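K.L.:
no sequence on this one, just coordinates:
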């Protein structure tokens with residue numbers, strides 16, 4: 001009987017000390033993200049650069065195009081890509097801002113993103129999306145409906 005109690009005590013002691021207890025604490029102080037806003041001055045800078053870029057595309061001014069696009073994308077932007085952007089936009093129609101926000105790139109950074117529509121279009125149909133660096137350089141321009 002003593003051997004039985006001794007065996008149970010040893011096994012019970014091992015079971016009691018074998019389990020690791022972990023404390024978990026849940027904080028209610030979760031940070032809520034505020035909606036991202038872009039200042040009017042920045043939007044005006046981005047619009048100005050985009051319209052200069054589109055004018056340079058229409059007039060085939062490669063020097064101005066190179067000045068306005070970001071160094072990050074200069075290596076991958078080809079004549080073919082610029083031709084698709086040029087063909088995807090109607091130069092006779094004026095563009096106006098539809099939405100302003102941020103675009104998250106694959107490197108985890110958020111960049112200003114402005115979506116445009118043709119002025120006077122009551123359908124609010126997006127025709128162009130432009131992504132910028134904070135300094136106003138263009139990271140990407142994508143006409144909606146153009147095959148990539």
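P.N.:
Sure, I can see it. This structure is a prediction, so every number in the text was calculated from the model and none was measured.

K.L.:
name the helices or strands packed onto the one helix or strand residue 114 maps to?
P.N.:
Per DSSP states H and E, residue 114 falls inside strand 110-118. Strand 110-118 is packed against helix 40-58, strand 95-104, strand 128-132, with contacts defined by 3 or more C-beta pairs under 8 Å, 6 or more residues apart in numbering; DSSP states H and E. For the C-beta atoms, the positions are set from N, CA and C on the backbone; glycine is no exception.

K.L.:
Show me which residues of it are buried.
P.N.:
Across strand 110-118, burial judged by 16 or more other C-beta atoms under 10 Å covers 112-118.

K.L.:
Stretch 58-77 now?
P.N.:
For stretch 58-77, the neighbour count (16+ other C-beta under 10 Å) marks 65, 68-70, 77 as buried.

K.L.:
now stretch 91-108
P.N.:
Applying 16+ other C-beta under 10 Å to stretch 91-108 flags 95, 98, 100, 103 as buried.

K.L.:
Check what pLDDT the residue nearest to the first one when sequence neighbours are not counted gets.
P.N.:
Taking C-beta to C-beta, 6 or more residues apart in numbering as the measure, residue 95 lies nearest to residue 116, with 4.3 Å between them; neighbours along the chain are not counted. Reported pLDDT at residue 116 in the predicted model: 90.

K.L.:
In contact with residue 116, which residues?
P.N.:
50, 95-98, 126-130 (C-beta atoms under 8 Å, 6 or more residues apart in numbering).

K.L.:
Quick one: low-confidence residue ranges for the protein.
P.N.:
The chain contains residues with pLDDT under 70 at 13, 15-22, 24, 26-36, 145-148.

K.L.:
switch to 90 and redo it
P.N.:
Low-confidence segments of the chain, defined by pLDDT under 90: 1-40, 60-62, 65, 71-93, 95-99, 101-110, 118-127, 134, 142-148.

K.L.:
circling back to that earlier point, looking at the helices and strands packed on strand 110-118, which is closest to residue 2?
P.N.:
Residue 2 lies closest to strand 95-104 among these, at 69.4 Å (C-beta to C-beta).

K.L.:
List the neighbouring strands of that closest one plus their orientation.
P.N.:
Here strand 95-104 has these sheet partners by DSSP bridges: strand 110-118 (antiparallel).

K.L.:
Please consider this matter closed, and thank you.
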